[in-house]
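Engineer: Turn this into a structure:
(2 chains)
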Amino acid sequence: MELSGPRWKGKNFAQIANSNPMSKIIAQLQVCLSNSESAALPIGTDFLLETVPELTKLLNRTSFGRQLTTSYDSKQYFQLSPEETFYLHHFLKCLKVSIDNAKLIDVNDLWNFMRSRSELFPIYYRAYVHLRSKNWIVKLGTKNGVDYVVYRHHPALVHSEYAVIVDRENDKGEKEGKRMRIWSDLHCAVRACNGVAKAVLLLNVMGYEVNFSLPELLERTIVDERQITRWVPSQCRDDCKLEGNKGEHH
Amino acid sequence: MDGYNSSLPGSQIRLPICPNNSYCCIICCFFVLICVNLGKERTEVSKARWVEEIGMAQVIEKKGSLWVTTGVIRNGNLYCHIEEIGYLAQIGALVLLDEVDNVMGLKDIFTKCADRRYGCTWEFFEAYRHLKSLGYIVGRHGQPWSTKHDNLKPNSDFTADTGFIADRIEELQIGAANLMFDIHRPNSKFKKTDPGAPSFIICLVGDWPPRREEVEYLEEKCKLVPLKFCHVNHGDVRFFSFPKVSLPVLP
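Structural biologist: Numbering: from 1, shown residues only, chains lettered A, B, ... in the order given. This next block holds a predicted model:
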């Protein structure tokens, strides 16, 4: 199915985005973060990272984490979600993490730490990797009643196109997630998201088993992408596209 | 009202029974207007006779152009399924007779619609009615609009149809998602003898949204024809599709 086009927030923003490929900015972030002494620390369910202006700029440009507003100028602070922290640490191999404020931990310990805090962490991380590795910007979707919203480039330049719901099934093809189990879940998601011009994207992490190691998670699971669209027959009878469009609300 | 043509004719309808602007009158008017729109008196009323053996009715008096896109042709005769009868009877375009030529009322027709013996359920009928009232051409999935046979025996044309109905009944009882309708977009050039490929196929889904596996299985059955899923909930008819997508890798 043909994907609908992005809604850029200003004239020429598409050209600005094209001239600044996200993959390049992320590469710059990797270098900067690798050279930084700063380590992320657990704070609540998230992670806190103390940064300096150059790193701050790159984290903002790649839209990782949320900068905490402070009056303290020489240092800045970012709050990173577990997926963002693990992605920067494991996939991009550039973020240091310290759990007990002393020594730095390695990827296996961090994996176990994340899993001990949330049994669904592997599923969400798998979905996060799937999206971020294609260079889409991924932010939390709580406002829209979904797991994530994804942007084609920086949220300052473009509106998000997809509201993402993460689901899962085991290696027998049996649905295990609790999402979209009843019809009102679908009606609700589509209505809420179409009302803000976002298509609903269902990411199904397939083949997951609870005892998977990190490499197994990435190698043995597949992420299936399906859109959930509503078709309103009274709105489209003739030769127009019969698939529901983003932004229709009925 | 979703599914019904609620547009009024140019002049305002005055209702002598409701001269006041009270809550009661407003509610009363609302329902009268709906009934006025649905129950418009028709001058062209066709007649059909129910044939229990085949679970369909044979059209014995054909009036109007609606038959271009309704009913199936079997060896030169026109027959219609119970959902077609239900819809046409509800809008006053068809009178259904029983086998001894008594007129069958809407209650009996609606009951037959809901009776799974004729390959239909109430929800199936509601979905049919919704689409038909919007001008779509709706046929049962996989059933030809027109067939011909030489050397016909009585009811020999219906072997395939009754077999089809039997399969459908079995599927309906299982309650899984089922391919139900082949839909053509509104088309004044539609011909039963050469309908062409459907614009899309409708699958009626039960109490639960379809699982990914089911969606994939049904998509395969539909081959390249787009598939839409229909959920009917107490008369509310909604359609969804679950197209496979692939987010592009961005620069």
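
Engineer: where does the stretch 1-150 of chain B have low pLDDT?
Structural biologist: When residues are selected by pLDDT under 70, those of the stretch 1-150 of chain B lie in B:1-21, B:31-42, B:149-150.

Engineer: got the residue ranges for the helices in it?
Structural biologist: Taking DSSP state H, counting those that start in this stretch as the test, the helices found in the stretch 1-150 of chain B are B:23-38, B:82-90, B:106-114, B:122-133.

Engineer: quick one, the third one and helix B:82-90 angle?
Structural biologist: Okay, so that is helix B:106-114. With axes from the mean of the first three to the mean of the last three C-alpha atoms, to 10 degrees as the basis, helix B:106-114 and helix B:82-90 are set at 160 degrees to each other.

Engineer: contact partners of helix B:106-114?
Structural biologist: B:82-83, B:85-86, B:89-90, B:96, B:118, B:120-122, B:124-125 (C-beta atoms under 8 Å, 6 or more residues apart in numbering or on different chains). Glycine gets a C-beta too; all of them are placed from N, C-alpha and C.

Engineer: Quickly name whichever of those residues is closest to A:N194.
Structural biologist: Closest approach to A:N194 among those (C-beta to C-beta): B:F124, at 26.8 Å.

Engineer: and the closest one, how many neighbours?
Structural biologist: If you count neighbours by other C-beta atoms under 10 Å in any protein chain shown, B:F124 ends up with 27.

Engineer: So it versus A:T62, what's the distance?
Structural biologist: As defined by C-beta to C-beta, to the nearest Å, B:F124 lies at a distance of 52 Å from A:T62.

Engineer: Only the buried residues of the helix or strand bottoming out on mean pLDDT in chain A, if you could.
Structural biologist: Between all helices and strands in chain A, the lowest mean by mean pLDDT, DSSP states H and E belongs to helix A:183-194, at a mean of 86. For helix A:183-194, burial by neighbour count (16 or more other C-beta atoms under 10 Å in any protein chain shown) applies to A:W183, A:D185, A:L186, A:H187, A:A189, A:V190, A:A192, A:C193, A:N194.

Engineer: buried sites along the longest helix along chain A?
Structural biologist: Longest helix in chain A, counting residues (DSSP state H): helix A:22-35. For helix A:22-35, the neighbour count (16+ other C-beta under 10 Å) marks A:M22, A:I25, A:I26, A:L29, A:Q30, A:C32, A:L33 as buried.

Engineer: Could I get those residues in TSV, plus columns for pLDDT and distance to B:C25?
Structural biologist: TSV is the format used below for these (pLDDT from 0 to 100; distance: C-beta to C-beta, whole Å):
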residue	pLDDT	distance to B:C25
A:M22	96	62
A:I25	97	65
A:I26	97	66
A:L29	97	68
A:Q30	97	71
A:C32	97	72
A:L33	96	71
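
Engineer: wait, what's in contact with the residue most central in space within chain B?
Structural biologist: When C-alpha atoms, centre = their mean is applied to chain B, the residue found nearest the centroid is B:Y128 (2.7 Å). Counting by C-beta under 8 Å, 6+ apart, B:Y128 touches B:E83, B:E84, B:G86, B:Y87, B:V138, B:F181.

Engineer: What is the neighbour count of the second one?
Structural biologist: A count of neighbours around B:E84, defined by other C-beta under 10 Å, yields 28.

Engineer: Now the least confident helix or strand of chain A - C-alpha only, CSV.
Structural biologist: What follows is helix A:183-194, C-alpha atoms only, in CSV (Å, rounded to 0.1, in the frame of the first residue of the first chain):
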residue,chain,number,x,y,z
TRP,A,183,-13.0,-4.2,18.7
SER,A,184,-13.3,-1.1,20.9
ASP,A,185,-9.4,-1.1,21.1
LEU,A,186,-9.3,-0.7,17.3
HIS,A,187,-12.1,1.8,17.1
CYS,A,188,-10.5,3.9,19.8
ALA,A,189,-7.0,3.8,18.3
VAL,A,190,-8.1,4.6,14.8
ARG,A,191,-10.4,7.4,15.9
ALA,A,192,-7.9,9.0,18.2
CYS,A,193,-5.1,8.9,15.7
ASN,A,194,-6.9,9.8,12.6
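
Engineer: Which secondary structure elements does that helix sit against?
Structural biologist: Judged by 3 or more C-beta pairs under 8 Å, 6 or more residues apart in numbering or on different chains; DSSP states H and E, the packing partners of helix A:183-194 are strand A:162-169, strand A:199-206, strand A:222-231, strand B:236-241.

Engineer: which stretch among those strands comes nearest A:K175?
Structural biologist: The closest of the helices and strands packed on helix A:183-194 to A:K175 is strand A:162-169. By C-beta to C-beta, the value is 5.0 Å.

Engineer: which helices and strands sit right next to that closest one?
Structural biologist: With contacts taken as 3+ C-beta pairs under 8 Å, 6+ apart, strand A:162-169 sits against helix A:121-132, strand A:148-151, helix A:183-194, strand A:199-206.

Engineer: The first one and chain B, any residue contact?
Structural biologist: So the one you mean is helix A:121-132. Yes - judged by C-beta under 8 Å from any C-beta of the partner chain, helix A:121-132 comes into contact with chain B at A:L131.

Engineer: Could I get the average pLDDT for that helix?
Structural biologist: What helix A:121-132 shows for mean pLDDT is 97.

Engineer: which residues touch A:Q30?
Structural biologist: A:L92, A:K93, A:C94.

Engineer: Reformat the helices of the stretch 1-150 of chain B as JSON lines; add distance to A:L214.
Structural biologist: Putting these into JSON lines (distance: least, C-beta to C-beta, whole Å) gives the following:
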{"stretch": "helix B:23-38", "distance to A:L214": "60"}
{"stretch": "helix B:82-90", "distance to A:L214": "54"}
{"stretch": "helix B:106-114", "distance to A:L214": "54"}
{"stretch": "helix B:122-133", "distance to A:L214": "46"}
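
Engineer: Of all the ones you listed, which one comes closest to A:Q235?
Structural biologist: Smallest distance to A:Q235 across these (C-beta to C-beta): 13.2 Å, for helix B:122-133.
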